[in-house]
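Enquirer: okay, predicted coordinates and the sequence, questions at the end:
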Amino acid sequence: MKKAKIYIPAKSAMQSGRGKLKNWVLEFTTKDPSTNPLMGWETSSDTLEEVVLKFPTKKKAIEYAKKNNISYNIVEPNKKEFVIKSYADNFLK
């Protein structure tokens, strides 16, 4: 049985907003990661590690995994709390 992880990717350091991070990603986990003795690179004979599927909702990603007999692990995104501050707060403390 194939194993996968379903999550929303974190934004990169070059992004200021979270607008393009609405898709859920189904990413397969590798079976046998190993290190190449000559170059020191990580190698694997499992080609599924290169497959990344994007879905508009978590529900659709779960349906796809169940339909294709993929065991999955869901990683929920961290909730961010926005504290609204006034510019004057910088000078009042």
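Expert: Sure thing, it's come through. Numbering: from 1, shown residues only.

Enquirer: tell me where the chain has helices.
Expert: 58-67, 89-92 (DSSP state H).

Enquirer: contacts for the shortest one next, please.
Expert: Helix 89-92 is contacted from outside by no residue at all, using CB atoms under 8 Å, 6 or more residues apart in numbering. All C-beta spots, glycine's among them, are computed from the backbone N, C-alpha and C.

Enquirer: cool, the longest one as well?
Expert: Under the contact criterion CB under 8 Å, 6+ apart, helix 58-67 has outside partners 4, 6, 24-26, 53, 55, 70-72, 74.

Enquirer: filter these to the buried ones?
Expert: For the contacts of helix 58-67, a burial check counting by 16 or more other CB atoms under 10 Å picks out 4, 6, 24-26, 53, 55, 70, 72.

Enquirer: neighbours of Glu63, how many?
Expert: 12 (other CB atoms under 10 Å).

Enquirer: oh, and call the first residue 8 from now on, that's how I've got it
Expert: Let's use 8 as the start, then, which means that last one is Glu70.
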